[in-house]
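Trainee: Here is my input, please return the structure:
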Amino acid sequence: MSSNDDPVAIPMMERKPSDLPGIDTSDLNTLTGEAVLSFHNISYQETVQSGFPLRKRTCVIERLSNISGIMKPGLNAIMGPQDGSRSLLLDVLAARKDPCGLSGDILVNGKPRPANFKCTSGYVPQNDTVMCTVTVRENVEFSAALRLPMSVTRDEKTKRTNEVLELLHLNEESNVKPRSKELMKRTSIAMELVTEHPILFLDDPTTDLDFSTTTDLFWVLKRMSMRGRTIIFSINQPSDSIFRCFDSLTLVASGKVMFHGPAQEALEYFTSAGYNYDSHNKPADFFLDIINGGSSAKLDTEEDGHKDNNHKEHSERQHQVTEKLANMYTQSSLYKEMRTELDPLLEEQKAGRSSALEEITCVTPFWHQLWWIICRSFKNFQGFSWVTGIQAIVAVTVAIFVGTTFHFLQHDCIDVQRRVVLLLMLTALQCTTSLSTGELFVTDRDLFLHEHTSGYYRVSSYFLGKLLAELVPRRLLQSITFTVIIFTIAGVKTDVNGFFTMIFTAMILAYSASSLALLLGTGENAAAVPTQIIMIYFTFMLFISGLSLYSVTFIQDLSWIQYFSIPYYGFTALQHNEFLEQNFCPEHKTAELSRCPDYVICTGEEFLTIRSIDLSPWGFWKNLVALVCITIILLSMTCIKLLVLKKKRLFKIALPVSLNYS
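Mentor: Next comes the predicted model:
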């Protein structure tokens with residue numbers, strides 16, 4: 001990350017809290033209490049499936065093996081090669097992995113982790129999850145509003161927000177939307193710092209940051225640790241100046257501990273064991289070189305002269321190195337001192353491990369969460385104004401084309417069929433334009449999983465807030481645009497009551513069709529599959545409705561399909577509204593009557609009777625009731641799918657497969 005000429009950062013350890021800008025230290029005793037995290041004989045196993053779908057093989061891989069240690073207030077670094085061990089250990093300690101594969105004890109201040117530990121500790125993921133369509137300040141304010149209890153006043157929340165923005169040098173960029181990687185990282189950290197939780201986890205916080213930003217970041221983290229906060233983070237290759245800030249260091253590789261203890265004693269630990277340290281080398285590079293079996297490693301003469309010819313030999317050698325280092329650590333005085341400190345903690349706790357590690361608790365009520373989610377979602381909707389503009393242009397263009405095609409409908413028997421085809425086109429447009437809504441819960445899936453897990457909001461408030469702030473205005477705009485333009489150009493039913501009834505029917509149809517797209521799209525990685533399914537469904541149902549205009553017998557044979565057809569209910573309601581009380585045989589106009597076919601349809605009621613449509617008011621409203629019921633059912637299933645998604649994806653492991661030596 002840097003050269004040996006990096007500015008020395010160790011003087012920050014000598015600073016007093018009262019010297020830190022942006023922090024009110026007049027009464028340090030009122031700040032968040034200290035927390036000591038200890039872990040005892042931690043092992044983690046993952047079940048992996050491989051092979052073809054019908055011939056899958058299942059094997060269990062041990063990712064972490066018998067790891068123990070203690071993390072006290074200060075900067076606690078977890079280092080190691082890029083085999084996934086360091087991030088996995090961090091996530092296990094932060095309760096971000098499936099507890100089914102976990103064995104051992106993790107204690108906070110000598111007691112089992114609370115069931116809502118994920119909500120009472122901060123966590124910054126490696127891939128930052130912030131809302132890029134709102135400003136930095138709005139992101140931090142959102143975190144403060146939902147994660148701080150209602151007893152904290154609005155002025156106090158604003159004060160904390162301002163302090164954190166000043167602390168991370170975000171004052172000048174507070175009204176900027178976090179688009180860059182660097183700004184997203186600092187915003188993500190600010191959202192965690194504003195809560196002032198006693199423990200903060202960071203997964204590779206230096207990812208995508210330059211040296212200057214990294215130095216500033218650890219300057220801030222050091223200040224936080226001086227206030228008694230336990231900061232635990234994974235990191236790859238820190239610079240020398242950054243390494244000097246560490247209070248505790250844990251070296252892990254292949255799921256085993258190579259070193260755990262004071263960071264400034266790590267260099268002496270390895271040099272006293274016979275490893276050669278070059279003063280021009282960085283300590284972090286030196287440690288990783290040892291773990292990887294590089295030139296600094298002390299190996300047998302025969303092994304030193306051996307060159308790896310293939311991947312298998314290299315893997316075997318790597319395994320020998322990690323086993324040797326793990327055994328050396330378990331026999332060291334550091335390990336014995338650590339066990340002396342850990343064993344009493346484990347013996348004192350009587351209750352045993354907490355088994356409910358997946359409980360999510362929120363400190364704010366439902367309506368408070370709903371309001372903030374609606375506000376942010378609406379801003380997110382406005383942030384994609386260009387998308388909304390394109391959709392509006394497309395909607396206007398298509399509506400003008402369709403309306404012009406059926407321009408100047410005549411009020412006679414000849415245009416009955418043209419009117420019903422126009423209504424079928426309106427139904428098709430309302431259904432097909434709903435496909436874009438399937439991505440509503442897909443685009444910010446990772447953000448939802450992170451925020452819900454961290455206790456921002458309940459699934460119900462998130463779900464309802466997104467619907468009200470994004471789905472409703474998006475579909476409302478398109479529905480009204482289509483209906484008004486087609487009404488104006490084509491000239492369907494002209495009375496005011498019929499016009500607004502048609503708009504209302506079109507909106508209900510649009511929301512019902514959108515609910516199907518939401519159900520199939522939620523939780524999917526590839527939107528192409530649910531989109532194709534929805535297209536096939538609507539195409540088939542519209543095809544059946546179109547055939548019914550020419551063959552009543554055919555549709556009677558397939559009458560059972562109508563109960564599963566969203567377009568059918570909307571199309572039927574539109575026909576009922578359009579043709580009821582219509583007269584297509586003007587009196588004393590024999591010229592027009594002579595143009596009619598042998599079988600003349602003079603009234604709308606006659607046409608509806610031929611179509612087997614109930615003429616009573618219930619014949620209209622039952623279709624809307626059916627659409628509303630379908631919408632409620634599909635949206636309820638979507639909400640349930642979000643709950644399942646949370647449970648399935650929350651602890652999903654996405655790590656490179658490490659080597660398994662048995």
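
Trainee: can you pull out the strands in the chain?
Mentor: Taking DSSP state E as the criterion, the chain contains strands spanning 37-50, 57-71, 74-79, 102-108, 111-112, 122-124, 199-203, 230-234, 248-253, 256-262.

Trainee: Same question for the second one: list its buried residues.
Mentor: Okay, so that is strand 57-71. Neighbour counts over strand 57-71 (16 or more other CB atoms under 10 Å) mark 61-71 as buried. (Each C-beta comes from the backbone N, C-alpha and C, glycine too.)

Trainee: show me what contacts the nearest residue to Thr133 once chain neighbours are set aside?
Mentor: Nearest non-adjacent residue to Thr133, counting by CB to CB, 6 or more residues apart in numbering: Gly383, 2.9 Å away. Gly383 is in contact with 132-134, 177, counting by CB atoms under 8 Å, 6 or more residues apart in numbering.

Trainee: quick one: Gly383 and His452, what's the gap?
Mentor: According to CB to CB, to the nearest Å, Gly383 and His452 sit 21 Å apart.

Trainee: And Leu509, by the same measure?
Mentor: Counting by CB to CB, the gap from Leu509 to His452 is 32 Å.

Trainee: Check Val421 too.
Mentor: Distance, Val421 to His452, using CB to CB: 47 Å.

Trainee: Comparing the two, which shows the higher neighbour count?
Mentor: For the pair Val421 and His452, the greater number of neighbours falls to His452 (23 against 15), based on other CB atoms under 10 Å.

Trainee: need the contact list for that one.
Mentor: By CB under 8 Å, 6+ apart, the contact set of His452 is 360, 458-459, 462, 646.

Trainee: Kindly recompute the last result at 10 Å.
Mentor: By CB atoms under 10 Å, 6 or more residues apart in numbering, His452 lies in contact with 118-119, 360, 362, 458-459, 461-462, 642-643, 645-646, 650.

Trainee: Kindly give the local confidence score, pLDDT, for Gly403.
Mentor: At Gly403, the predicted lDDT confidence score is 77.

Trainee: and what of Val529?
Mentor: Predicted confidence (pLDDT) for Val529: 58.

Trainee: got it, and Lys157?
Mentor: On pLDDT, Lys157 comes in at 94.

Trainee: Give me the residues contacting stretch 166-178.
Mentor: Stretch 166-178 is contacted by residues 20-23, 128, 130-141, 161-162, 164-165, 180, 183-190, 193-194, 213, 216-217, 219-220, 223-224, 383 when judged by CB under 10 Å, 6+ apart.

Trainee: Would you mind listing which of those residues are buried?
Mentor: The neighbour-count criterion (16+ other CB under 10 Å) marks 20, 23, 128, 130-141, 161-162, 164-165, 183-190, 193-194, 213, 217, 219-220, 223-224 among the contacts of stretch 166-178 as buried.

Trainee: So which elements touch the helix of greatest length in the chain?
Mentor: In the chain, with assignment by DSSP state H, the single longest helix is helix 617-649. Judged by 3 or more CB pairs under 10 Å, 6 or more residues apart in numbering; DSSP states H and E, the packing partners of helix 617-649 are helix 445-453, helix 459-466, helix 496-521, helix 566-579.

Trainee: winner for burial among those helices?
Mentor: helix 566-579 (a mean of 25; mean count of other CB atoms under 10 Å).

Trainee: what's the angle from that helix to helix 496-521?
Mentor: In terms of direction (axes from the mean of the first three to the mean of the last three CA atoms, to 10 degrees), helix 566-579 departs from helix 496-521 by 180 degrees.

Trainee: Using CSV, write out every CA atom in helix 566-579.
Mentor: What follows is helix 566-579, C-alpha atoms only, in CSV (Å, rounded to 0.1, in the frame of the first residue of the first chain):
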residue,chain,number,x,y,z
ILE,A,566,-55.2,-11.1,-14.5
PRO,A,567,-55.8,-9.7,-18.0
TYR,A,568,-59.2,-11.4,-18.1
TYR,A,569,-60.6,-9.5,-15.1
GLY,A,570,-59.3,-6.2,-16.3
PHE,A,571,-60.5,-6.7,-19.9
THR,A,572,-64.0,-7.7,-18.7
ALA,A,573,-64.3,-4.7,-16.4
LEU,A,574,-63.2,-2.4,-19.2
GLN,A,575,-65.8,-3.9,-21.5
HIS,A,576,-68.6,-3.6,-18.9
ASN,A,577,-67.7,0.1,-18.3
GLU,A,578,-67.5,0.9,-22.1
PHE,A,579,-70.5,-0.9,-23.5
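
Trainee: helices and strands around it, which ones?
Mentor: When contacts are defined as 3+ CB pairs under 10 Å, 6+ apart, helix 566-579 sits against helix 416-432, helix 496-521, helix 528-548, helix 604-610, helix 617-649.

Trainee: ends of stretch 326-336, how far apart?
Mentor: 14 Å (CA to CA, to the nearest Å).

Trainee: what about that stretch, distance to the chain center?
Mentor: Mean-position distance between stretch 326-336 and its chain equals 41 Å (CA atoms, centre = their mean, to the nearest Å).

Trainee: can you list the domain ranges for the protein.
Mentor: As given by the TED database, the domain ranges for the chain are 37-294+317-333, 366-646.

Trainee: Could you export these as JSON lines, including distance to Glu347?
Mentor: Formatted as JSON lines, the domains of the chain follow (distance: least, CB to CB, whole Å):
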{"stretch": "domain 37-294+317-333", "distance to Glu347": "10"}
{"stretch": "domain 366-646", "distance to Glu347": "32"}
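
Trainee: Which of those has the lowest mean pLDDT?
Mentor: domain 366-646 - the lowest mean pLDDT of those, at a mean of 81.

Trainee: you'd agree Gly438 is up against Ala517?
Mentor: Yes: assessed by CB atoms under 10 Å, Gly438 is found in contact with Ala517 at 3.8 Å.

Trainee: Pull out the buried residues from the longest helix of the chain.
Mentor: For helix 617-649, the neighbour count (16+ other CB under 10 Å) marks 620, 622-624, 626-627, 630-631, 634-635, 637-639, 641-642, 645-646, 649 as buried.

Trainee: what is the orientation angle of that helix with helix 459-466?
Mentor: Helix 617-649 and helix 459-466 meet at an angle of 120 degrees, taking the same axes, to 10 degrees as the criterion.

Trainee: closest to Leu249 out of the helices and strands packed on helix 566-579?
Mentor: helix 617-649 (31.9 Å; CB to CB).

Trainee: Give me the neighbour count for the nearest residue to Pro81 once chain neighbours are set aside.
Mentor: Leaving out its chain neighbours, the residue that sits closest to Pro81 by CB to CB, 6+ apart is Ala253, at 5.5 Å. A count of nearby residues for Ala253, using other CB under 10 Å, gives 24.

Trainee: Ile291 is in contact with Ala253, correct?
Mentor: Yes: counting by CB under 10 Å, Ala253 does reach Ile291; the two are 4.8 Å apart.

Trainee: joint contacts of these two?
Mentor: Contacts common to Ala253 and Ile291, judged by CB under 10 Å, 6+ apart, are 79-81, 83, 318, 321-322, 325.

Trainee: Tell me which of the residues you listed fall in helices.
Mentor: Under the assignment DSSP H, the shared contacts of Ala253 and Ile291 contribute 318, 321-322, 325 to helices.

Trainee: and which of the residues you listed is nearest Val92?
Mentor: Among these, and counting by CB to CB, the member closest to Val92 is Thr322, at 18.7 Å.

Trainee: Contact partners for the residue nearest to that closest one when sequence neighbours are not counted?
Mentor: Nearest residue to Thr322 in three dimensions, chain neighbours excluded: Ser254, at 4.6 Å (CB to CB, 6+ apart). Neighbouring residues of Ser254 by CB under 10 Å, 6+ apart: 62-65, 80-81, 83-85, 291, 318-319, 321-323, 325-326, 658-661.

Trainee: Then Thr330?
Mentor: Shown in contact with Thr330 (CB under 10 Å, 6+ apart): 66, 68, 256-257, 336, 339.

Trainee: Need the max-distance pair from the residues you listed.
Mentor: Lys256 and Lys336 (17.5 Å).

Trainee: Looking at the two, which has the bigger crowd around it?
Mentor: The neighbour comparison of Lys256 against Lys336 (other CB under 10 Å) goes to Lys256, with 21 against 11.
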